[in-house]
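How does the following fold in three dimensions:
(one chain, ligands or ions: 2)
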Amino acid sequence: MSELAGTPVPGLTKLWTHDPLTAGRYRLVGRLGAGGQGVVYLGEDDAGDRVAVKMVNVDLSDPRARSQFVKEIAAARRVAPFCTAQVLFAEVDGERPYVVSEFIEGPTLHRHVREHGPVTGNALHRLAVGTVTALAAIHSAGVVHCDLKPDNVVLGKDGPRVIDFGIARALGVTETASSRIMGTTAYMAPERFRNDTIGPPCDVFAWAGTIAFAAGGRPPFGNDSLFAVMHRVLNDPPDLPALPSVLDELIRECLAKDPADRPDAERVLVRLLRQDATVTRPLRRESLLEFGNETAGAPTPNHPLPQVPPTAPQPTPTQPVVPAQARPAAQPAQAQPIAPAQARPTQPAHPPVPEPGVGADPGGALRRLRHEAVDAWGISTALFLGSAGAAAGYVASSAPGPAAAAGAAAFVVVYLVRLLVATALGARSDRG
Ligand SMILES: Nc1ncnc2c1ncn2[C@@H]1O[C@H](COP(=O)(O)OP(=O)(O)OP(=O)(O)O)[C@@H](O)[C@H]1O
Ligand SMILES: [Mg+2]
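Numbers count the residues shown, from 1 in each chain. Ligands and ions are numbered 1, 2, ... in the order given. This is a model prediction of the structure:
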């Protein structure tokens, strides 16, 4: 049983009348909040383990959207749990898709600054180290957060944790024109407005904006009208609060207009850690992340997390899930001489969690069949072709009986063929 079980959660509000009551094996006990992507609920299982359940506002009936969602969430689940809220699983078959993550108790950075003012001194340093450690872990798993901002950093009892990584991409809402992302403009990098390729440097830019917000209470390019912010992001230098010199220098570099001029997250972490470390030897990436994790005050990565529910799909034998630490590095760590990882034993990774994907879910095909069976487009098409069949039957026989039989046969054949093809294609694209 979780030690949190039963304890009140600040900011939790009652479910609304039409809110769902369960998500898989979790009872939904209240609303944690809502944003552009959907509503986040607090879920609790019979053992009292708590999770955050994000019901997303997205129509996944299009196989391509579904397949992108499944792929991005699978990647997000491979992120090593350094200063991040781990993504546990996603459900894409029900009427409302949802993503289940580790629940982090605490206020968001945005709320904390609004209620208590800017973060300073050591707390600011730990926040910067923790959030950039999370970013380095996210990037080393090949994921781009795409929506890092003060609302997506939760200040847990044991350090800051970055949440929601990969979800913006999973939802395909990274396009500048999408109304879903309007609220985050203040942290968006210039390349987002130029429709250029979006990669890890856009997160580094957002990280710098987030830390500047923490230190000064406002984002570095303002937060007024969308076009004014966009203009400043593209053309003006950042308006930064007073910062410790190393952080000031780093943040300015991370806010460079050209993504190629920004340091990567590991490089930023190394430079932040150098400040309070005796330089003795280079560190491997894993040790670097552990060191960042500890400096930020976060729990060790093998901290017990809620178990993946039995309803979650299992990995297919052809796609084994490899622990993040065992995977070959996507980008080699900067071999920077920083210290003291000395006495700490290497923590084993959190056990891998299975990949999502309806292809592996025995109940998935049935649910998809049910979903397709009531698909309005499919029924309309069958009705239309059924009427055409009846008309053709009448022209051929001039009698209502055979015409009705021809119409009914055309309706049944079209309906069944579409149902089977749509179900089969949907399941294939989920596996792909
Ligand atoms: N894993 C989590 N642990 C604890 N609280 C969470 C978690 N995920 C979300 N929350 C809470 O739910 C609230 C709403 O989150 P949500 O992501 O929907 O909104 P947002 O971050 O403001 O906007 P966006 O949709 O752009 O991410 C957050 O402010 C936070 O308080
Ligand atoms: Mg969020």
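
Okay, now the unreliable bits of the stretch 101-250 of the chain?
Applying pLDDT under 70 to the stretch 101-250 of the chain flags the ranges 173-183.

where does it come near ligand 2, residue by residue?
Contact residues, the stretch 101-250 of the chain versus ligand 2 (C-beta under 5 Å from the ion): 152, 164. Where you see a C-beta, it was placed from the backbone N, CA and C, and this is true even at glycine.

how does it look with 8 Å?
108, 147, 149, 151-152, 163-164, 167 (C-beta under 8 Å from the ion).

Of those residues, which is the nearest to Ala206?
Comparing these against Ala206 with C-beta to C-beta places Lys149 closest, at 6.3 Å.

isn't the closest one right up against Ala206?
Yes. In terms of C-beta atoms under 8 Å, Lys149 counts as a neighbour of Ala206; the distance is 6.3 Å.

which residues are common contacts for those two?
Listed as contacting both Lys149 and Ala206 by C-beta atoms under 8 Å, 6 or more residues apart in numbering are Tyr187.

out of those two, which sits in the busier spot?
Counted by other C-beta atoms under 10 Å, Lys149 and Ala206 do not tie: Ala206 has more neighbours, with 27 against 23.

in this protein, which spans are helices?
63-77, 109-116, 121-140, 167-170, 190-193, 200-216, 226-235, 245-254, 265-275, 285-295, 362-373, 376-397, 400-431 (DSSP state H).

Take those helices and lay them out in a markdown table including distance to His18.
Converted to a markdown table, these look like this (distance: least, C-beta to C-beta, whole Å):
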| stretch | distance to His18 |
| --- | --- |
| helix 63-77 | 23 |
| helix 109-116 | 26 |
| helix 121-140 | 34 |
| helix 167-170 | 23 |
| helix 190-193 | 34 |
| helix 200-216 | 33 |
| helix 226-235 | 31 |
| helix 245-254 | 42 |
| helix 265-275 | 40 |
| helix 285-295 | 40 |
| helix 362-373 | 20 |
| helix 376-397 | 21 |
| helix 400-431 | 26 |
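
right, and those - which one's nearest Gly24?
helix 362-373 (11.1 Å).

Give me the most central residue, this structure.
Ile167 (2.8 Å; C-alpha atoms, centre = their mean).

how far away is that one from Glu253?
Ile167 is 27 Å from Glu253, where distance means C-beta to C-beta, to the nearest Å.

likewise Pro160?
21 Å.

okay, these two: which has more neighbours?
Pro160 (29 against 16).

Can you name the residues bridging to that one?
Taking DSSP bridges, one finds Leu155 as the beta-bridge partners of Pro160.

quick one, what contacts it?
By C-beta under 8 Å, 6+ apart, the neighbours of Pro160 are 83, 109, 126-127, 130-131, 134, 153-154, 296, 298.

please redo it, this time with the cut-off set to 7 Å
Counting by C-beta atoms under 7 Å, 6 or more residues apart in numbering, Pro160 makes contact with 83, 127, 130-131, 153, 296.

Also Pro220?
Here Pro220 is in contact with 209, 212, 238-240, 255 (C-beta under 7 Å, 6+ apart).

change it to 10 Å
Going by C-beta atoms under 10 Å, 6 or more residues apart in numbering, Pro220 touches 186-187, 205, 208-213, 232-233, 236-241, 251-252, 255.

so how many other residues sit close to Gly121?
By the criterion of other C-beta under 10 Å, Gly121 has 8 neighbours.

Please apply the same query to Met230.
Counted with other C-beta under 10 Å, Met230 comes out at 18.

And the closest residue to it other than its chain neighbours, how far from ligand 1?
The shortest distance from Met230 to any non-neighbouring residue, by C-beta to C-beta, 6 or more residues apart in numbering, is to Phe193 (5.4 Å). Phe193 sits 17 Å away from ligand 1, going by C-beta to the nearest ligand atom, to the nearest Å.

do the same with His18
Taking C-beta to the nearest ligand atom, one finds His18 at 17 Å from ligand 1.

what does the model give that residue for pLDDT?
For His18, the pLDDT comes out at 93.

Any idea how many residues pack against it?
Quick note: His18 (other C-beta under 10 Å) scores 5 neighbours.

Surely Thr381 touches Val414?
Yes. Applying C-beta atoms under 10 Å, one finds Thr381 in contact with Val414, separated by 6.4 Å.

Show me which of the two is the more surrounded one.
Higher neighbour count among Thr381 and Val414: Val414, with 20 against 15, using other C-beta under 10 Å.

wait, isn't that one in contact with Phe384?
Yes. If you go by C-beta under 10 Å, Val414 and Phe384 touch, sitting 8.6 Å apart.

Please tell me I have it right and Gly393 contacts Phe411.
No. Using C-beta under 10 Å as the test, Gly393 is too far from Phe411 to be in contact (11.9 Å).

can you list the residues of this structure near ligand 1?
32-38, 40, 52, 85, 101-104, 108, 147, 151-152, 154, 163-164, 183-184 (C-beta under 6 Å from any ligand atom).

Give me the subset of those lying in strands.
Secondary structure defined by DSSP state E assigns 32-35, 38, 40, 52, 101-102, 154 of the residues of the chain next to ligand 1 to strands.

now the residues you listed: which count as buried?
32, 35, 38, 40, 52, 101-102, 154 (16 or more other C-beta atoms under 10 Å).

ok, of these, which one's closest to ligand 2?
Of all these, Gly35 has the smallest distance to ligand 2: 4.9 Å, by C-beta to the ion.

I am finished for the moment; much appreciated.
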